[in-house]
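Trainee: Just need the structure, nothing else, for what follows:
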Amino acid sequence: MAMQKVTMGTVLAIAVVGMVVTALGALVATRTISNAGNLKAIGVGVYWDSSCTSPVSSIDWGALEPGVTKNFTIYVRNEGNVQVRLSMTTSNWNPPSASSYIELTWNRVDHPLTAGSNVSAVLTLSVLSSISGITSFNFDIIIAGTEYT
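Mentor: Numbers count the residues shown, from 1 in each chain. Okay, here's the model as predicted:
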């Protein structure tokens, strides 16, 4: 099977917001985490729309705070000529400790996908409420199709 590789870098930034005094005088600690990223796709295409005409070139997770989970729906198309099993991984975390506080999952683990077909997939980014000491981070997202056996 001819494998197609779409490479996109990932850019993610964390902005830390200091202590904020509310109108009642109470101190509230907040931390805003912005995340913009790109992904690699191996053997599959990744798109924003179900007709697979608008390729995903980057993902902007927007402002995230500790303890928050955010979802994005994408569409994955098998661009080969055999059935594949879908997988998604992350790699190249910088700093490496970021992967202890930030997790990316999806709802298509080992999903079979026939040649030429597509399926919606939900990417979920979760930031633990205990995140600390990280002022910026980045990582790669890899979505792959492996021949289904």
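Trainee: among the helices and strands of the protein, which has the poorest mean pLDDT?
Mentor: Across the helices and strands of the chain, the lowest-confidence element by mean pLDDT, DSSP states H and E is strand 12-15, at a mean of 23.
Trainee: Can you check the distance spanned by stretch 50-65, start to finish?
Mentor: Stretch 50-65 has its terminal residues 30 Å apart, counting by Cα to Cα, to the nearest Å.
Trainee: Give me the distance from it to the chain's centre.
Mentor: In terms of Cα atoms, centre = their mean, to the nearest Å, the centre of stretch 50-65 is found 9 Å from the chain centre.
Trainee: which parts of that stretch are buried?
Mentor: For stretch 50-65, the neighbour count (16 or more other Cβ atoms under 10 Å) marks 52, 56, 59, 61, 64 as buried. (Each C-beta comes from the backbone N, C-alpha and C, glycine too.)
Trainee: Do I have it right that the second one meets Tyr47?
Mentor: It refers to Val56. Yes - between Val56 and Tyr47 there is a contact at 6.2 Å, judged by Cβ atoms under 8 Å.
Trainee: Which stretches in this structure count as strands?
Mentor: 5-6, 12-15, 19-21, 27-29, 32-37, 39-42, 44-47, 59-64, 69-78, 84-94, 102-106, 112-113, 118-127, 138-147 (DSSP state E).
Trainee: and those strands, which one's lowest on average pLDDT?
Mentor: Mean pLDDT is lowest for strand 12-15 among those, at a mean of 23.
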